[in-house]
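Peer 1: Whatever this is, show me its structure:
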Amino acid sequence: MDLIKDLMKKNEKRLIEIRRDLHMHPELSFQEYRTTEKIKGILRELNIEILDIGLETGVVGLLKGKNPGPTIALRGDIDALPITQENNVTYKSKNKGVMHACGHDVHTTCVLGAAMILAEMRDNIDGNVKFIFQHAEEVNKGAKILVEKGVMDNPHVDAVFGLHNHPDIPVKKVGVKLGGLMAAVDTIRIKVKGVGGHGAIPNKTIDPVLASSAIIMGIQSIASRNISPLDSVVVSIGTVNAGIANNVIPEEVKMSGTVRSFSKDVRDKVPMLLERQITNIATAYGAQAELEYIFDLPAVINEEVMYRIGRKAVEKVCGPEGPVDPTPSMGGEDFSILMEKAPGCFFWLGVGNKDKDCVYQWHNPKFDADEGALTVGSGVLAQSVFEAIDYFRSKNS
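Peer 2: Coordinates of the predicted model:
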């Protein structure tokens, strides 16, 4: 543990340089070419093998320890967002209209920092460490592609750890949650068909706009009346597209939205409830409606064994006051796709600091992170590897 803390301190300046370089050169999903080459260069410096699994962007590295043992994966996402940066920092984005407004530059740097620590400690590792630098998290596609290409195999991953920065958690603290941390993410698409006509003669039409308005209001009863108040579900309509003129009642309305939940039972139940509400409300207005329900991402749920491993790692790196019990978020994370293939623990890394104006939420054009979190994140991920290896060794002994 003392060696990990020494290496955290030793690497601090380099990690800040890496993070700022990434922040100044953000790249959108599936366009992370410079970021990919930057990561590969650092892994080569550390003598970490780069695995070729057929990726154009994104990187998978493998560090083999001195002795055989389990394979532990560390994952960091690398893509940015189509947002114009507004805060005037020295490391402001140089790519117009693109910004690391969700802090993936922080995540990437933390995994690289863990790689630096573990590369120097490889003779102490009884097993392997797989470093997963994932592309296209912001569009919920990167993890699925990686799994399809076999990232959790060859060698088989026994456990996986990841983190996401959180501006509501103070720097030097880490959120560790038992159970649901981030929600399942699903997409809904609704098409409402009516009979178009003149806006001044509505009695000669079947108005899909009116029916759609009733549907938008009606489906909120799913959360308020069909799901237990002790469970969580959010149903939100984000787009409504209808019509081309102010005095024309259109033939059709198209809507799309999102559904968020934690419980698998609730998630399985919602499509039926939506179908019933949408079709019955449309029928009441004389219209017809169709629902397309797309299961995108499962929830991020830290099971007890992995939670305890993660909490122990945080306590060793940050002290007994380091771990905090965070309030779960209805936001989603495709780290959950990796957790379907191996047990895992997902942390929230504290990056908040009012004195440095690090208070803005994810996806805000003024988002920033206290860089004191970089060494903390790298140390927690590195220590998680050793804690997980110890667990599997004791379990199999």
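
Peer 1: correct me, but residue 133 touches residue 59?
Peer 2: Yes. With contact defined as Cβ atoms under 8 Å, residue 133 reaches residue 59; the gap is 4.3 Å. Quick note: C-beta positions are derived from backbone N, CA and C, even for glycine.

Peer 1: list residues touching both of these two?
Peer 2: Residues touching both residue 133 and residue 59 (Cβ atoms under 8 Å, 6 or more residues apart in numbering): 36, 39.

Peer 1: Which of these two has more residues huddled nearby?
Peer 2: residue 133 (30 against 27; other Cβ atoms under 10 Å).

Peer 1: What helix or strand is that one located in?
Peer 2: Element membership for residue 133, per DSSP states H and E: strand 126-134.

Peer 1: what packs against the next helix or strand along the chain from that strand?
Peer 2: Next helix or strand after strand 126-134 toward the C-terminus (DSSP H and E): helix 142-148. Packed against helix 142-148 by the contact rule (3 or more Cβ pairs under 8 Å, 6 or more residues apart in numbering; DSSP states H and E) you find strand 126-134, helix 335-339.

Peer 1: which residue ranges form the helices in this structure?
Peer 2: Under the criterion DSSP state H, the chain contains helices at 2-24, 33-45, 104-120, 142-148, 208-218, 221, 264-284, 304-318, 335-339, 373-396.

Peer 1: Which among those helices is found nearest to residue 69?
Peer 2: Residue 69 lies closest to helix 373-396 among these, at 5.8 Å (Cβ to Cβ).

Peer 1: re earlier: deepest-packed of the helices of the chain, please.
Peer 2: helix 104-120 (a mean of 26; mean count of other Cβ atoms under 10 Å).

Peer 1: show me what contacts the residue most central in space within the chain?
Peer 2: For the chain, the residue lying nearest the average C-alpha position, counting by Cα atoms, centre = their mean, turns out to be residue 333 (2.7 Å). Residues in contact with residue 333 (Cβ under 8 Å, 6+ apart) are 137, 164, 182, 297, 300, 346.

Peer 1: at 6 Å instead, please
Peer 2: 182, 300 (Cβ atoms under 6 Å, 6 or more residues apart in numbering).

Peer 1: same deal with the one 5 residues further on?
Peer 2: Under the criterion of Cβ under 6 Å, 6+ apart, the contact list for residue 338 reads 143, 160.

Peer 1: Repeat that for residue 5.
Peer 2: Taking Cβ under 6 Å, 6+ apart, one finds nothing in contact with residue 5.

Peer 1: So for it, what pLDDT did the model give?
Peer 2: We have a pLDDT of 96 for residue 5.

Peer 1: And residue 1, by the same measure?
Peer 2: On the pLDDT scale, residue 1 is placed at 72.

Peer 1: quick one: it and residue 315 touch, right?
Peer 2: No. Checked against Cβ atoms under 6 Å, the pair residue 1 and residue 315 is beyond contact range at 10.4 Å.

Peer 1: about what we covered before: turn the helices of the chain into a markdown table, including distance to residue 68.
Peer 2: Formatted as a markdown table, the helices of the chain follow (distance: least, Cβ to Cβ, whole Å):
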| stretch | distance to residue 68 |
| --- | --- |
| helix 2-24 | 22 |
| helix 33-45 | 22 |
| helix 104-120 | 16 |
| helix 142-148 | 24 |
| helix 208-218 | 57 |
| helix 221 | 56 |
| helix 264-284 | 36 |
| helix 304-318 | 20 |
| helix 335-339 | 23 |
| helix 373-396 | 11 |
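
Peer 1: nearest to residue 229, of the ones you listed?
Peer 2: helix 264-284 (12.0 Å).

Peer 1: average pLDDT for that closest one?
Peer 2: Averaging pLDDT along helix 264-284 yields 98.

Peer 1: Give me the residues contacting that helix.
Peer 2: With Cβ under 6 Å, 6+ apart as the test, helix 264-284 has contacts from 184, 192, 211, 214-215, 218-219, 222, 226-227, 231, 233, 259, 261, 288-289, 291, 293.

Peer 1: Report the angle between that helix and helix 208-218.
Peer 2: When axes from the mean of the first three to the mean of the last three Cα atoms, to 10 degrees is applied, the directions of helix 264-284 and helix 208-218 differ by 150 degrees.

Peer 1: Give me the distance from helix 264-284 to the chain's centre.
Peer 2: 27 Å (Cα atoms, centre = their mean, to the nearest Å).

Peer 1: Strands along the stretch 51-200 of the chain, start to end?
Peer 2: Assigned by DSSP state E, counting those that start in this stretch, the strands in the stretch 51-200 of the chain fall at 59-64, 67-77, 126-134, 159-170, 174-175, 179-182, 184-193, 197-198.

Peer 1: For those, give me JSON lines that also has mean pLDDT.
Peer 2: Formatted as JSON lines, these follow (pLDDT from 0 to 100):
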{"stretch": "strand 59-64", "mean pLDDT": "98"}
{"stretch": "strand 67-77", "mean pLDDT": "97"}
{"stretch": "strand 126-134", "mean pLDDT": "98"}
{"stretch": "strand 159-170", "mean pLDDT": "98"}
{"stretch": "strand 174-175", "mean pLDDT": "98"}
{"stretch": "strand 179-182", "mean pLDDT": "98"}
{"stretch": "strand 184-193", "mean pLDDT": "98"}
{"stretch": "strand 197-198", "mean pLDDT": "98"}
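
Peer 1: Cool, thanks, talk later.
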